[in-house]
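*Asks:* The following comprises the amino acid sequence and a computationally predicted model.
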Amino acid sequence: QVHLVESGGGLVQAGGSLRISCAASGGTFWRHGLGWYRQAPGKEREFVAAINWHRDRIDYADSVKGRFTISRDNTENTKNMVYLQMNSLKSEDTAVYYCAASFPVVPDTVDDVDYWGEGTLVTVSP
């Protein structure tokens, strides 16, 4: 059982930056692809970005390409960290951001996700 815990959400002005983090632990976390999804009020959960455990495959949703950067830190034995650096934020980026894990593929579709975090709220003010 992989356990995912997000942190770093908050309120930011449009045009600003924010970095959110996710700690992945438990089970065979080191083998899992990690990623981010988001869900805005009244909308379906959507893919944002994903990275495999080798860090040689990275996928982004078109809506965030060039603004968001996903990265992964595999140096610790007991957990992996995945980060989402968000720049040039827009009001439409406001959502609850969820960390996701999958194996053996990267979690770039909802159906491939094996584990979810509980989410962290990002609010972008106009």
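*Replies:* Sure, I can see it.

*Asks:* which residues touch the most centrally placed residue in the chain?
*Replies:* Centroid check for the chain by C-alpha atoms, centre = their mean gives residue 36 as the closest residue, at 2.3 Å. Residues near residue 36 by C-beta atoms under 8 Å, 6 or more residues apart in numbering: 20, 22, 48-50, 70, 82, 84, 97-100. Every residue, glycine included, has its C-beta placed from N, CA and C.

*Asks:* Please, where are all the helices along the protein?
*Replies:* Applying DSSP state H to the chain gives no helices.

*Asks:* Residue 81 contacts residue 25, doesn't it?
*Replies:* No: using C-beta atoms under 8 Å, residue 81 is not in contact with residue 25, being 9.9 Å away.

*Asks:* ok, back up a step: show me which pair in the contacts of residue 36 is furthest apart.
*Replies:* Within those, two members stand farthest from each other by C-beta to C-beta: 20 and 50, at 14.4 Å.

*Asks:* And those two? Which one has more around it.
*Replies:* Shown here are residue 20 and residue 50; by other C-beta atoms under 10 Å, residue 50 has more neighbours (28 against 20).

*Asks:* residues contacting that one?
*Replies:* 33-36, 58-59, 70, 100, 106-108 are the contacts of residue 50 under C-beta under 8 Å, 6+ apart.

*Asks:* again, 6 Å this time
*Replies:* 33, 35, 59, 106-108 (C-beta atoms under 6 Å, 6 or more residues apart in numbering).

*Asks:* ranges for the strands of the chain?
*Replies:* 3-7, 10-13, 18-25, 33-39, 46-51, 58-60, 68-73, 79-86, 95-102, 115-116, 120-125 (DSSP state E).

*Asks:* Please produce a markdown table containing these, extended by mean pLDDT.
*Replies:* As requested, the strands of the chain are exported to a markdown table (pLDDT from 0 to 100):
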| stretch | mean pLDDT |
| --- | --- |
| strand 3-7 | 97 |
| strand 10-13 | 98 |
| strand 18-25 | 97 |
| strand 33-39 | 97 |
| strand 46-51 | 98 |
| strand 58-60 | 97 |
| strand 68-73 | 97 |
| strand 79-86 | 96 |
| strand 95-102 | 98 |
| strand 115-116 | 98 |
| strand 120-125 | 98 |
